[in-house]
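**Q** Got a sequence here, can you model it:
(one chain, ligands or ions: 2)
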Amino acid sequence: MNDTSRAGGAASLDVSIASKDYHSASGRPLRALEDLRLTLPAGQAGAVVGPSGCGKTTLLRLIAGLDKDYVGAITLPEHGRLGMVFQEPRLLPWRSVIDNIRIAAPHAREDDIAALLDEFGLAEHASHFPRELSLGLARRVALARALAVKPDLLLLDEPLVSLDAALAKDLREMIARLIDERRITTLIVTHDLNEAIALGDRLFLLSARPARVAATIDVPTPRKQLLEEAAARIEAQARAVYQGKSSYHGKSSPR
Ligand SMILES: Nc1ncnc2c1ncn2[C@@H]1O[C@H](COP(=O)(O)OP(=O)(O)OP(=O)(O)O)[C@@H](O)[C@H]1O
Ligand SMILES: [Mg+2]
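**A** Ligands and ions are numbered 1, 2, ... in the order given. Below you'll find the model as predicted:
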């Protein structure tokens, strides 16, 4: 039983999941999420950090409404129009870059699409097909495609994973810029704490599976002025949560 409210205009993204179970072919249930609560004020960027396999993608899929089989309630911020970038770029292989964007956002104006292609350094690739793109370029197309719908909520699943350091830095700067300039409510999933600190206004540290929010840490803004010292302090605070394994699997959230 669940309740996802898309209309009505909440001022925040509110997630309260009592449980999410998968049912394997053998019939044994696998609990992916348990007692997971988070609140992200509208206009902020939240970074969800957690160990591999803990349930991060599962959480995003529930928020996106792609999986409704859970117990709990999810309230989306105002209007609830959603843009999502999956862990794999998932472009249509038989369509050009620009057509991938047009198909996802049929109401987008051509000049808005052209501006997005420009912004993400994709103008010269507009007529290329996905197989002709590097992973870094494909990720940028996926991001431009998600933005083309003018989302109220942007969900990014590991947007920088598997990119080499230079490409990851470029894309991280693009994402940071768009978060700062557009103030779209954004939830970014990552397993990299430094990436989370660089991009998030608020960090949600997930426990191992079944995932719950073990700690919530607010990052001082504006992030651009975040001193190295302050970033190191936040990192130490987050690492302490992961090292204190006794409270990690317990029910109380050390906030
Ligand atoms: N459709 C499914 N059916 C059964 N089990 C699933 C399904 N999808 C995910 N799981 C399991 O649920 C758990 C959480 O998976 P999920 O993909 O959400 O983790 P994740 O944190 O995103 O992992 P990663 O860091 O590898 O991206 C894993 O144990 C996974 O095997
Ligand atoms: Mg995942």
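
**Q** ok, R95 touching R131?
**A** No - in this structure, R95 is not within contact of R131 by C-beta atoms under 8 Å, at 11.3 Å. The C-beta positions use only the backbone N, C-alpha and C, and glycine is treated the same way.

**Q** Compare the two (neighbour count), which wins?
**A** Between R95 and R131, R95 has the larger neighbour count (other C-beta atoms under 10 Å), namely 14 against 9.

**Q** how close does the more buried one get to L133?
**A** As defined by C-beta to C-beta, to the nearest Å, R95 lies at a distance of 12 Å from L133.

**Q** residues near the closest residue to ligand 2 within the stretch 1-150 of the chain, how many?
**A** Going by C-beta to the ion, ligand 2 is nearest to T57 of the stretch 1-150 of the chain, at 3.2 Å. Using other C-beta under 10 Å, T57 has 15 neighbouring residues.

**Q** nearest residue to it other than its sequence neighbours?
**A** D157 (5.7 Å; C-beta to C-beta, 6 or more residues apart in numbering).

**Q** how many other residues sit next to the one you found?
**A** 22.

**Q** All the helices of the stretch 151-255 of the chain, in order from the start?
**A** Assigned by DSSP state H, counting those that start in this stretch, the stretch 151-255 of the chain shows helices spanning 165-182, 193-199, 228-243, 245-248.

**Q** Among the ones you listed, show me which one is buried the most.
**A** Ranked by mean neighbour count, the helices of the stretch 151-255 of the chain are led by helix 193-199 with a mean of 21 (mean count of other C-beta atoms under 10 Å).

**Q** residues contacting H128?
**A** 96-97 (C-beta atoms under 8 Å, 6 or more residues apart in numbering).
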